[in-house]
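Colleague: okay, here's the prediction I keep looking at, along with the sequence it came from:
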Protein chains: 2
Amino acid sequence: MELRTNRSESGHARYDAGWTALLNPAPDDDHPGRACGRQVRYKQRALILAEGDEASAVYEVIEGGVILFKLLPDGRRQIIEVLGVGDVFGLAASSVSDVAAEALTPVRLARFERSTFEGDSRLRDRLFARLRAQFCALHDHALLLGRKSAQERVTTFIARMVPGCFGLDDTPPKPGGDPIRVDLAMSRQEIADYLGLTIETVSRTFSALRRSGVIAYRKQDEVEIPNIRRLFHMTGSE
Amino acid sequence: MELRTNRSESGHARYDAGWTALLNPAPDDDHPGRACGRQVRYKQRALILAEGDEASAVYEVIEGGVILFKLLPDGRRQIIEVLGVGDVFGLAASSVSDVAAEALTPVRLARFERSTFEGDSRLRDRLFARLRAQFCALHDHALLLGRKSAQERVTTFIARMVPGCFGLDDTPPKPGGDPIRVDLAMSRQEIADYLGLTIETVSRTFSALRRSGVIAYRKQDEVEIPNIRRLFHMTGSE
DNA sequence: CGCGGACTTGATCTGTCTCAAGTGCCGTGG
DNA sequence: CCACGGCACTTGAGACAGATCAAGTCCGCG
């Protein structure tokens, strides 16, 4: 009962590309997992950390994807961050975690106990740099949640998955080239919970984007973008 | 033309209380401005940093309040964070700032040049601890922006201004005691931009809360809360 | 082949936005 | 001292984006 999605097999491999591109401003010294703590693995959809759990360790994503989310007492869920390779979580202001963490894909993590972490300023600096990038992503997402329309949210979301378009990464924005393919790697419900919408609105927006030719897809999480500029212009950010 | 609000004189003094309580989980070693960089001052509403400015320094709030915000090309604004004493800003993933910063009140800041900052791991650790707290606040705010109703947003906002109710601060939650007074220190428009609402909706919500007796006020930014529990129950968070 | 879960689509409802007047407050000048 | 103007805020009426409720449809799997 852990295998209930029809998520593509290639998702995990391709998955890194999107989020890593977004959140890796400069893939400089830190090869993820280099200065490893203990490695741990989780199955897809496994709960890594619950809200309120003792925040006794810091995790770095080595492979796969992780979502951080919060719940309201009545069950409303907000996905706060979607993490890819190199991203960090588990740090909280107090001794308990303020968010829950779940494996979006099968995932490999480096786990650093709080004690290790506190003693190792080199490690701390590395994670610190990482957090700065995540900080900016969070700022961007607040803008999305507070001020963007459904269409802008969805197009922004898709645009973020395109490697090398936001991050100062490798591949250049590809002027008018051939269609770009991206793997969403998230269910419609997850996308909805991330973008602060309902699943129906997300679905309708995808359909509308397809109808108007901005995107194309057969399987619903393998999207082709014939013209990136056109997509960008719908994000509200330019 | 810098003096155009009818903001209360006491605002600045009392201002710290609210946000500091929220974002100071443990007022331990760091007396703000202890390990000072160069001190700088800004008048109320002065622009400290624009989006896209060179991120050459890190700032710590010594006295007063600062807002961080982002703009969309068409003018929509989202206030990302409201900072009080001890909070930190200016760190970005890349070399330019991803947000703009404005003085919410007359403000005193400690400015640390990037070079200073990079060489001083003690300083970095101190700011790092701070950022963790701000990180959690950002998470909470994402939940608010993505999943809460207008009424829940406004009550959450007011509740956050109450010193010692969220942070593990001094004053205990005050069971059924006398009315608590808080100073909002933000205009309706600022509140709207922070909560992802329009000014009219914020105004209407305040009026409705007053009508129903949850809050009381004469000047619109000096709010009394006769019964905090009642307010809390409207935040959606409990 | 038929079941179940994820997704899509349609019809309707509603919370929030938009547009448009107010109202109240404060500072200015007659 | 009071009329006046400006600005922030409030209030109302109506429009609309997105939510909700309710069927479908698609597709992988047993």
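Modeller: Sure thing, it's come through. On a predicted model such as this, the values are computed, not experimentally measured, just so you know. Residues are numbered from 1 along each chain as shown, chains lettered A, B, ... in the order given.

Colleague: look through chain A and state the residue closest to DNA strand D.
Modeller: Residue nearest to DNA strand D within chain A (Cβ to the nearest atom of the strand): A:Thr201, separated by 3.1 Å. For every residue, glycine as well, the C-beta is placed using N, CA and C.

Colleague: and the lengthiest helix in chain A, which residues are buried?
Modeller: Across chain A, the helix with the greatest residue count (assigned by DSSP state H) is helix A:121-147. Within helix A:121-147, the residues scored as buried using 16 or more other Cβ atoms under 10 Å in any protein chain shown are A:123-124, A:126-147.

Colleague: how about the residue nearest the centre of chain A: which residues does it bridge to?
Modeller: Closest residue to the average C-alpha location of chain A: A:Val82 at 2.6 Å, with Cα atoms, centre = their mean. In this entry, A:Val82 is beta-bridged to A:Ile67, by DSSP bridges.

Colleague: next up, the contacts around A:Glu54.
Modeller: When contacts are counted by Cβ atoms under 8 Å, 6 or more residues apart in numbering or on different chains, A:Glu54 touches A:95-97.

Colleague: could you check the pLDDT of A:Arg7?
Modeller: We note a pLDDT of 35 for A:Arg7 in this prediction.

Colleague: chain A: helices as residue ranges?
Modeller: According to DSSP H, the helices that chain A contains are A:11-23, A:114-119, A:121-147, A:150-161, A:188-195, A:199-211, A:228-232.

Colleague: what is the burial count for the nearest residue to A:Ile180 once chain neighbours are set aside?
Modeller: Of all residues beyond its chain neighbours, the one nearest A:Ile180 is A:Ile225 (4.7 Å), with distances taken as Cβ to Cβ, 6 or more residues apart in numbering or on different chains. A total of 25 residues lie near A:Ile225 under the criterion other Cβ atoms under 10 Å in any protein chain shown.

Colleague: circling back to that earlier point, the helices of chain A: which one's closest to chain B?
Modeller: helix A:121-147 (3.1 Å; Cβ to the nearest Cβ).

Colleague: the closest one near DNA strand C at all?
Modeller: No: judged by Cβ under 7 Å from any atom of the strand, helix A:121-147 makes no contact with DNA strand C; its nearest approach is 8.9 Å.

Colleague: ok, the residue lying farthest from the centre of chain A to DNA strand C distance?
Modeller: Using Cα atoms, centre = their mean, the residue of chain A lying farthest from its centre is A:Gly119. It sits 29.2 Å away. Distance, A:Gly119 to DNA strand C, by Cβ to the nearest atom of the strand, to the nearest Å: 43 Å.

Colleague: any idea how far the residue nearest to A:Ile180 is from A:Gly65?
Modeller: 20 Å (Cβ to Cβ, to the nearest Å).

Colleague: and what of A:Val223?
Modeller: In terms of Cβ to Cβ, A:Val223 sits 16 Å off from A:Gly65.

Colleague: what does A:Val88 give?
Modeller: Counting by Cβ to Cβ - A:Val88 and A:Gly65 are separated by 14 Å.

Colleague: before we move on, what about A:Val214?
Modeller: Applying Cβ to Cβ to A:Val214 and A:Gly65 gives a distance of 25 Å.

Colleague: strands - which of the contacts of A:Glu54 land there?
Modeller: With strands taken from DSSP state E, there is no overlap with the contacts of A:Glu54.

Colleague: how far does stretch A:143-162 sit from the chain's center?
Modeller: 13 Å (Cα atoms, centre = their mean, to the nearest Å).

Colleague: send me that stretch as PDB with only the CA atoms.
Modeller: C-alpha atoms of stretch A:143-162 as PDB (Å, rounded to 0.1, in the frame of the first residue of the first chain):
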ATOM      1  CA  LEU A 143       4.700  36.200  -3.400                       C
ATOM      2  CA  LEU A 144       3.100  33.400  -5.300                       C
ATOM      3  CA  LEU A 145       0.700  32.400  -2.500                       C
ATOM      4  CA  GLY A 146      -0.200  36.000  -1.600                       C
ATOM      5  CA  ARG A 147      -0.500  37.700  -4.900                       C
ATOM      6  CA  LYS A 148      -0.700  35.400  -7.900                       C
ATOM      7  CA  SER A 149      -3.700  34.100  -9.800                       C
ATOM      8  CA  ALA A 150      -4.300  30.400 -10.300                       C
ATOM      9  CA  GLN A 151      -3.000  30.500 -13.800                       C
ATOM     10  CA  GLU A 152       0.100  32.400 -12.700                       C
ATOM     11  CA  ARG A 153       0.700  29.900  -9.900                       C
ATOM     12  CA  VAL A 154       0.500  26.900 -12.100                       C
ATOM     13  CA  THR A 155       2.700  28.400 -14.900                       C
ATOM     14  CA  THR A 156       5.200  29.600 -12.300                       C
ATOM     15  CA  PHE A 157       5.200  26.100 -10.900                       C
ATOM     16  CA  ILE A 158       5.800  24.500 -14.300                       C
ATOM     17  CA  ALA A 159       8.500  27.100 -15.100                       C
ATOM     18  CA  ARG A 160      10.400  26.300 -12.000                       C
ATOM     19  CA  MET A 161      10.700  22.700 -13.000                       C
ATOM     20  CA  VAL A 162      12.600  23.700 -16.200                       C
END
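
Colleague: in that stretch, what's buried?
Modeller: A:143-148, A:150-162.

Colleague: is any residue of that stretch near DNA strand D?
Modeller: Yes: counting by Cβ under 7 Å from any atom of the strand, DNA strand D has neighbours in stretch A:143-162: A:149-151.

Colleague: A:Glu190 against A:Arg77, yeah?
Modeller: No: contact status for A:Glu190 versus A:Arg77: not in contact, 9.3 Å apart, counting by Cβ atoms under 8 Å.

Colleague: how about A:Glu190, what does it touch?
Modeller: A:67, A:79, A:104.

Colleague: ok, 7 Å please
Modeller: A:67, A:79 (Cβ atoms under 7 Å, 6 or more residues apart in numbering or on different chains).

Colleague: what's the spacing between it and A:Val202?
Modeller: From A:Glu190 to A:Val202 the distance is 9 Å (Cβ to Cβ).

Colleague: near chain B, which residues of chain A are found?
Modeller: Residues of chain A lying near chain B by Cβ under 7 Å from any Cβ of the partner chain: A:25, A:70, A:72-73, A:76, A:78, A:80, A:91-94, A:98-99, A:121, A:124-125, A:128, A:131-133, A:135-136, A:138-139, A:141-143, A:145-147, A:168, A:196, A:236-238.

Colleague: enumerate the residues of chain A near DNA strand D.
Modeller: A:6, A:149-151, A:196-198, A:200-201, A:218-219.
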